[in-house]
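Engineer: Below are the sequence and a predicted model for it; my questions follow.
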Amino acid sequence: LQQGKSALESVEAGINAVENDNTEQYYVGKGGLPNSEGDMEFDAALMDGKTLQFGAVLALQSIPNAISAAHLVLKRSPHCILVGKGAEKFAVENGLQASDSLTREAKEEFEQWKRAQKLNDDGSHDTVGLICMDKFGNLAAGTSTSGWPMKHPGRVGDSPIIGSGLYCDNRAGACVATGDGEEILRTCMSFSIVESMRNNLDVQEACEKSIQRIKEVVEAHPSPNAKMHKKLTIAVLAMDKNGNVGSASTLGRENVH
């Protein structure tokens, strides 16, 4: 941003930094944890607040820089979303390099899980979300994740789904979400927060309102199946059209996200 790059380029660069760092995190890009068959599957999305156009990749294998693949979809594909082998084929054809993205540490954790069929659900296995506003006032939002550790092959959560994991509109604001994706999808959290800002609700109030709503929904109608975490674990980060920032979480200040 300080170099004058666009919000879209800055979001991609910022998320790339996390995707390429497997020393301190294991939930995004290289170093992420695999699905239940030991295969990596990455999800990512990037949205342009000026045009409301977006690109997303789902269940992408062998391309740990999934946000870059999503950016390529946004710039060069007639489609908005590409999945699986088709997403990988498109990414490689457009200059990204496929590689073995399962690290030794992730493989060891997979083998431990395979033996015990149990994962520490208090750990931080989640999504990176980033919002940028450039010098022209344009907003962009992006997300990237390797998803629920040891998930069923083909599982996709909220992260690459426009309206749930992220949403962005210059005329109102932007939002990204992280946490229990199956729950976030139930209320289109990111879209609802941006729409609250469009209706002149303060960015912090918009975040808190959305978190309160999902807590009420889950309490009234709990999901019958297993969750990623023992407690409902969701966090949102938002920016309004003037650059003011808000955030909220179901765990309050305890949220490690």
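Structural biologist: Yep, that arrived.
Engineer: which residue ranges form the helices in this protein?
Structural biologist: In the chain, the helices defined using DSSP state H lie at 7-19, 66-76, 84-93, 104-116, 181-184, 189-198, 203-220.
Engineer: Turn those helices into JSON lines, columns for mean pLDDT.
Structural biologist: As requested, these are arranged in JSON lines below (pLDDT from 0 to 100):
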{"stretch": "helix 7-19", "mean pLDDT": "96"}
{"stretch": "helix 66-76", "mean pLDDT": "98"}
{"stretch": "helix 84-93", "mean pLDDT": "97"}
{"stretch": "helix 104-116", "mean pLDDT": "83"}
{"stretch": "helix 181-184", "mean pLDDT": "94"}
{"stretch": "helix 189-198", "mean pLDDT": "98"}
{"stretch": "helix 203-220", "mean pLDDT": "97"}
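Engineer: In a markdown table, list the ones you listed along with mean neighbour count and distance to Gly137.
Structural biologist: All C-beta spots, glycine's among them, are computed from the backbone N, C-alpha and C. Formatted as a markdown table, the helices of the chain follow (neighbours: other C-beta atoms under 10 Å; distance: least, C-beta to C-beta, whole Å):
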| stretch | mean neighbour count | distance to Gly137 |
| --- | --- | --- |
| helix 7-19 | 22 | 9 |
| helix 66-76 | 25 | 19 |
| helix 84-93 | 17 | 30 |
| helix 104-116 | 13 | 40 |
| helix 181-184 | 23 | 28 |
| helix 189-198 | 24 | 15 |
| helix 203-220 | 17 | 16 |
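Engineer: out of the ones you listed, nearest to Leu130?
Structural biologist: Of all these, the one in closest proximity to Leu130, counting by C-beta to C-beta, is helix 7-19 (4.8 Å).
Engineer: With distance to Ile161 as extra columns, can I get the helices of the chain in TSV?
Structural biologist: Putting the helices of the chain into TSV (distance: least, C-beta to C-beta, whole Å) gives the following:
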stretch	distance to Ile161
helix 7-19	17
helix 66-76	12
helix 84-93	15
helix 104-116	24
helix 181-184	8
helix 189-198	9
helix 203-220	15
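Engineer: To Cys175, which of the ones you listed lies closest?
Structural biologist: helix 189-198 (4.0 Å).
Engineer: So which elements touch the closest one?
Structural biologist: strand 166-169, strand 173-179, helix 203-220, strand 234-240 (3 or more C-beta pairs under 8 Å, 6 or more residues apart in numbering; DSSP states H and E).
Engineer: out of the ones you listed, nearest to Trp148?
Structural biologist: strand 173-179 (10.9 Å).
Engineer: Let me see the mean pLDDT of that closest one.
Structural biologist: Strand 173-179 shows an average pLDDT of 96 in the prediction.
Engineer: Give me the packing partners of it, helices and strands only.
Structural biologist: So strand 173-179, by 3+ C-beta pairs under 8 Å, 6+ apart, packs with strand 127-133, strand 139-145, strand 166-169, helix 189-198, strand 234-240.
Engineer: Quick check: can you name the pairing partners of that strand and their directions?
Structural biologist: strand 166-169 (antiparallel), strand 234-240 (antiparallel) (DSSP bridges).
Engineer: Would you check that Leu46 makes contact with Ala140?
Structural biologist: Yes: Leu46 lies in contact with Ala140 (C-beta atoms under 8 Å); the separation is 6.9 Å.
Engineer: Now for these two: what residues contact both?
Structural biologist: Leu8, Val11 (C-beta atoms under 8 Å, 6 or more residues apart in numbering).
Engineer: re the thing from before, how about the strands paired with strand 173-179, which one is nearest Met197?
Structural biologist: strand 234-240 (5.1 Å).
Engineer: What average pLDDT does that closest one get?
Structural biologist: The model assigns strand 234-240 a mean pLDDT of 97.
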